[in-house]
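> Build me a model from this:
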Amino acid sequence: MSATRRLAAILAADVAGYSRLIGADESGTLQALKAIRAELIDPKIATHNGRLVKTTGDGLLVEFGSVVDALRCATEMQAGMAERNTIVPADKRIAYRIGINMGDIVVEDGDIFGDGVNVAARLEALAEPGGICVSARVQEDAAGKLELAFEDMGERALRNIARPVRVYKIATGLGSAKEPETPALPLPDKPSVAVLPFTNMSVDPDQEFFADGIAEDIITALSRYPSLFVIARNSSFTYKGRAVDVRKIGRELGVRYVLEGSLRKAGNRVRVTTQLVEAETGKHVWAGRYDRALADIFAVQEEIGEAVTVAIAPAIADAELHRALRKPPESLDAWVAYQRGLWHYSKFTADDNVVAENCFRRAIDLDPYFVGGYWGLIWAQSVAASIFRRRNVMETLGSAESLARRAVALDGRDPEARLSLGLTLGLLGDYEGGLAEIEHALATSPNFAIAHAALGHVLIWSGRPKEGLAALQTYFRLDPRDPTGPAALVQVAIGHYLCREYDAAIDTLKQVIRSYPDFPLSYRWLAAALGQAGQIEEAREALEKAIAIAPASSDSHVRGRRPWFRPEDHAHLIEGLRKAGMPEE
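Below is the predicted model of the structure:
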């Protein structure tokens, strides 16, 4: 379908404090949101002739033919939410922020794009919970037609919008539902930065992969600097598609600087714009724009990474200019296949993981010298075996060692290659070799979050659980919002168990189970910890659950000791499971 343009009123809304609400009560929050949609929001959209374009988790994007319809829908939505919240406890109240803009949009395959949409999303971020912010165009069109009071908030520089926008706040008389503040993380003792996912400004949604890839490669380049503290991709990418104030991001991630940017592709050329913002003040520290032929995409990434580093820490620039960057693949198609693989891998579902495996294989086929394809395939296969139980564990380890050694042979400086080999050797019981490879990766890339997690795993397996727990704490600090973080919490629980800290192990495993209720490993260790703690009835229930979910997995992991498991630690697990009711062989 060809793209068309038209003028429209755009309403963007999202739930204030969504992550907090989900973390406190996932099922209750999702059920409440479903009811709100069915009973309030969808009927209001229909009443005022709106079209729900799409939903994005906690967000909504709605198109209206007129400003009047959009404003009436927004004010009635907020009034309805205020009424519903009168009987809801303060910590469970759901409050929407709403932004409305009137502007030119591009319509393609039912979706909408363009500055008209982007401005609405940025206005939403400025609104208070329960509030509405609009552009000057909306305020002008509504004058004399609706009995609403508009409060002038002045001209604002909105993220990735070229011109300042005059913003108005609607005085609804309802009061705002203040969102409980997420506790701020302390700032590290060295310059700290989070790189947000770049915004795709192209009409073609497929360019998301280019935008994501540039941001990720900047993160990788910056993470190689020992003098910087760099937030990992998984945490910074949780803000993808959300209009969030940089001050809030700085507080939630514990960083002093936030790098944001956008990408616009036209024909064979690409324009990348970036800006570095001091999170506490919102002050723009540095900005850059790069217009390049698409063939120079890797040079653009290198320039951005270098320029940002110089802006953040001029004192370290001279010493760090000759850093060893990851070798870019010779084929752009291989890089795109790799980026698609990462995108599907991060979804962390069984079906997406299969697609990720195929993408990484494609990247290797297209460019056998591209290291990223190898370590991506290792991780996808490992998850297929350990989480989704779609591969044989021992066969997967053999494949992983072969792939990892190939990756290290191609580029011994690549931290992902070293990490992959180190974790594989640790799983095979070669703790000394595994730790040496992981430490090599961290020497190259000190802020490589997943390498700290792998270091924790191997230390715990090798009989050094206290040191392993410390390494895992570093991982969680570098990547505080990693969607797959609960999987690493299993290793935290195992570390506590091996330290005979059974109560801490129980608390951690129950936290994991809330996120991954079908992961049998959690129940096995929970049964053992409960057995050791003398909570026998609960221990039996956990053991029954582990066997019911994956009887073959329980037998192979418990009856047959895996190579990463020391005999004495395996005996310690068996002791707890027998207290939980596991019969003798």
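> domain ranges for the protein?
4-171, 192-320, 484-585 (automatic domain parsing).
> And these, which one averages the lowest pLDDT?
The minimum mean pLDDT among the domains of the chain belongs to domain 192-320 (a mean of 73).
> what's the closest of the domains of the chain to Asp367?
Closest to Asp367 of those is domain 192-320 (CB to CB; 12.9 Å). Where you see a C-beta, it was placed from the backbone N, CA and C, and this is true even at glycine.
> thinking again about what came up before, kindly reformat the domains of the chain as TSV containing distance to His440 and mean neighbour count.
What follows is the domains of the chain, written out as TSV (distance: least, CB to CB, whole Å; neighbours: other CB atoms under 10 Å):
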stretch	distance to His440	mean neighbour count
domain 4-171	35	18
domain 192-320	13	19
domain 484-585	20	19
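> Let me have those domains in JSON lines, adding distance to Arg389 as columns.
Converted to JSON lines, the domains of the chain look like this (distance: least, CB to CB, whole Å):
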{"stretch": "domain 4-171", "distance to Arg389": "24"}
{"stretch": "domain 192-320", "distance to Arg389": "23"}
{"stretch": "domain 484-585", "distance to Arg389": "6"}
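> Looking at those, spot the one closest to Ala436.
So among these, domain 484-585 is nearest, using CB to CB, at 16.0 Å.
> The stretch 401-550 of the chain: helices as residue ranges?
415-427, 431-444, 449-461, 465-478, 485-498, 502-515, 520-532, 536-549 (DSSP state H, counting those that start in this stretch).
> related to what we said a few turns ago, with respect to Val383, which of the domains of the chain lies nearest?
domain 484-585 (8.7 Å).
> From the chain's centroid, how far away is the closest one?
Centroid separation for domain 484-585 versus its chain: 28 Å, with CA atoms, centre = their mean, to the nearest Å.
> residues in contact with Pro567?
Arg561 (CB atoms under 8 Å, 6 or more residues apart in numbering).
> ok so, going back, out of the helices of the stretch 401-550 of the chain, which is closest to Thr238?
Of all the helices of the stretch 401-550 of the chain, helix 485-498 comes closest under CB to CB, at 10.7 Å.
> and the direction of the closest one versus that of helix 465-478, what angle?
Counting by axes from the mean of the first three to the mean of the last three CA atoms, to 10 degrees, helix 485-498 lies at 160 degrees to helix 465-478.
> dump the residue contacts of Arg514.
Glu26.
> you'd agree Val244 is up against Ala125?
Yes - using CB atoms under 8 Å, Val244 makes contact with Ala125 at a distance of 5.9 Å.
> still on that earlier bit, who wins for proximity to Val355 among the domains of the chain?
Of the domains of the chain, nearest to Val355 by CB to CB is domain 192-320, at 13.3 Å.
> next one: that closest one to chain centre, how far?
Counting by CA atoms, centre = their mean, domain 192-320 comes out at 15 Å from the chain centroid.
> Tell me the confidence at Met1?
51.
> and Asp365, how many neighbours?
12 (other CB atoms under 10 Å).
> To clarify, my last question referred to His457.
With other CB under 10 Å as criterion, His457 counts 25.
> just to revisit the earlier point, now render the helices of the stretch 401-550 of the chain as TSV, adding distance to Phe209.
Listed next are those as TSV, based on distance: least, CB to CB, whole Å:
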stretch	distance to Phe209
helix 415-427	19
helix 431-444	26
helix 449-461	21
helix 465-478	25
helix 485-498	24
helix 502-515	27
helix 520-532	33
helix 536-549	35
